[in-house]
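A predicted structure for the sequence below; I have some questions about it.
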Amino acid sequence: MSLFKDIHTLLRKGQPSMHEDLLTEIFAECFHDEELFISFLNNILDIPITNPHGINIETQKTFLRLDDHYTDSRPDLFIQFQDGDKKYVLLFENKVESQEGLAQLERYADHLRSYQVNGYYTFLIYMTRYDDLKDIKVIFTKGVSAKFIQLRWFKIYNWFLNHKDAYVNRVLEFMEEIGLSESRRFLPQDMYALQEMARLQHMMDECLDGVVDETMTKLFGRATGWSNRCVQLRDHYRYYKKNDQNGTWIGCGFHITEEDYPLICVQYEVSPTCLQRKEVIKAMNEFLDTNPDWDGYDLDNDSKWSGISCDKPLLDFLAEQDHIISIQKYFIDKLKELYILKQQNNGLGWK
């Protein structure tokens, strides 16, 4: 296992956004090599430069909230430099697992406008593991303030292959281990997985329906329809039964991770725009104080979906005689724990 992978494994126990932060730091370090920096700009971003100078590279740079913004903005990577008499500013947002923050790209576009009016060539770069096509009309609601570029991490991996050295080799190894190399070829095990897909989906549905559905309905109200599970899988890499409340939701199901086994999860999450967000976060923190099996994430970041979850690897259930009954019991027990939170906080707008 690589050094970066070791660090990544430790960070997985913390907030999901930490994964992107680690990758950003590793990625940004490469740009201190001028040859790599020029190659990336020329070949990946199609920015024709020859002699960059005055280079300033910052990660997690904070831009204070504008009057019509909900929160401050903190792009993953900020790069400013000159080439001849031309001035450039680039903002990067990197995604691997976490969700996009509230109007995140729109806010970055607004901040780039101040650079644009001062004569800078401005770029907004959005880097993702999977295809996540964005509508520039939604991003640039006040007029185009930058060139918008979408990149996939596998393209960055392929670019790194042409620039190997001791550091880049470690970066490549790390990207392979967390699944960012994306060979784009079907492997023998993929064929088997496709053949078994219907059976596995039926088993997951068995875990989520029946007594689990009855328990969720009794404690929190009816869950969303079956098709929402596929939406969750497509957008968030989780196959969940989900119950929407007022600005919050409760869910349970299977979370697909980078490890060998998925996680069995029960989760309670609050929107960044929830009118009672402060009260919900307070209730979550109090709940964590008395429920050590649960973990919180992004509870101090007002721009993100924040929440608490109780996760257990599917591997831990394999010794049981009936996996479905064991997983259902786990879901029911944890939903009942969340119900205590509900009873103790009746004023949080429960349906």
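Received it, and whenever you're ready, just let me know what you need. Numbering: from 1, shown residues only.

next one: the closest residue to residue 88 other than its chain neighbours from residue 112, what distance?
Spatial nearest neighbour of residue 88, chain neighbours left out: residue 121 (4.9 Å); criterion: CB to CB, 6 or more residues apart in numbering. Yep, even glycine has a C-beta here, placed from its N, CA and C like the rest. Per CB to CB, to the nearest Å, residue 121 is found 10 Å from residue 112.

also residue 40?
Separation of residue 40 from residue 112 (CB to CB): 19 Å.

looking at these two, which has the bigger crowd around it?
With neighbours defined as other CB atoms under 10 Å, residue 40 and residue 112 compare such that residue 112 has more, 25 against 20.

next, count neighbours for the residue nearest to residue 88.
With neighbours defined by other CB under 10 Å, the count for residue 121 comes to 16.

how is it assigned, secondary-structure-wise?
Here residue 121 is strand, with the state taken from DSSP: H, G, I helix; E, B strand; the rest coil.

partner residues bridging the closest residue to residue 52 other than its chain neighbours?
Spatial nearest neighbour of residue 52, chain neighbours left out: residue 81 (4.7 Å); criterion: CB to CB, 6+ apart. Counting by DSSP bridges, residue 81 is bridged to residue 88.

and the host helix or strand of residue 327, what does it pack onto?
If you go by DSSP states H and E, residue 327 is part of helix 323-344. Applying 3 or more CB pairs under 8 Å, 6 or more residues apart in numbering; DSSP states H and E, one finds that helix 323-344 contacts helix 188-208, helix 211-220, strand 248-255, strand 263-270, helix 277-290, strand 306-313.

try 6 Å
helix 188-208, helix 211-220, strand 263-270 (3 or more CB pairs under 6 Å, 6 or more residues apart in numbering; DSSP states H and E).

highest mean neighbour count out of those?
Compared across those, strand 263-270 shows the largest average neighbour count, a mean of 23 (mean count of other CB atoms under 10 Å).

before we move on, back to that, by mean pLDDT, show me the worst of the helices and strands packed on helix 323-344.
For the helices and strands packed on helix 323-344, mean pLDDT drops lowest on helix 188-208, to a mean of 93.

that helix: how far from the chain's middle?
24 Å (CA atoms, centre = their mean, to the nearest Å).

burial measure for residue 334, as a count.
Neighbours around residue 334, by other CB under 10 Å: 23.

thinking again about what came up before, next one, pLDDT for the residue nearest to residue 52 please.
So residue 81 comes in at 97 (pLDDT).

run a quick neighbour tally on it.
19.

tell me which helix or strand of the protein sits lowest on mean pLDDT?
Within the chain, no helix or strand scores below helix 3-11, which has a mean of 53 by mean pLDDT, DSSP states H and E.

what's the following helix or strand after it?
helix 17-30.

who are the packing partners of that following helix?
The contact analysis (3+ CB pairs under 6 Å, 6+ apart) places helix 17-30 against helix 3-11, strand 52-59.

returning to that earlier point: for the helix holding residue 327, output the C-alpha coordinates as PDB.
This file holds the C-alpha atoms of helix 323-344, laid out as PDB (Å, rounded to 0.1, in the frame of the first residue of the first chain):
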ATOM      1  CA  HIS A 323     -27.600 -12.200   5.800                       C
ATOM      2  CA  ILE A 324     -30.800 -10.400   4.900                       C
ATOM      3  CA  ILE A 325     -32.400 -10.900   8.300                       C
ATOM      4  CA  SER A 326     -29.200  -9.700  10.000                       C
ATOM      5  CA  ILE A 327     -29.000  -6.600   7.900                       C
ATOM      6  CA  GLN A 328     -32.700  -5.800   8.400                       C
ATOM      7  CA  LYS A 329     -32.200  -6.100  12.200                       C
ATOM      8  CA  TYR A 330     -29.300  -3.700  11.900                       C
ATOM      9  CA  PHE A 331     -31.400  -1.200  10.000                       C
ATOM     10  CA  ILE A 332     -34.300  -1.400  12.400                       C
ATOM     11  CA  ASP A 333     -32.100  -1.000  15.500                       C
ATOM     12  CA  LYS A 334     -30.400   2.100  14.100                       C
ATOM     13  CA  LEU A 335     -33.700   3.600  12.900                       C
ATOM     14  CA  LYS A 336     -35.100   3.200  16.400                       C
ATOM     15  CA  GLU A 337     -32.000   5.000  17.800                       C
ATOM     16  CA  LEU A 338     -32.700   7.900  15.400                       C
ATOM     17  CA  TYR A 339     -36.400   7.800  16.500                       C
ATOM     18  CA  ILE A 340     -35.200   8.700  20.000                       C
ATOM     19  CA  LEU A 341     -33.500  11.800  18.500                       C
ATOM     20  CA  LYS A 342     -36.800  12.600  16.900                       C
ATOM     21  CA  GLN A 343     -38.700  12.200  20.100                       C
ATOM     22  CA  GLN A 344     -36.300  14.500  22.000                       C
END
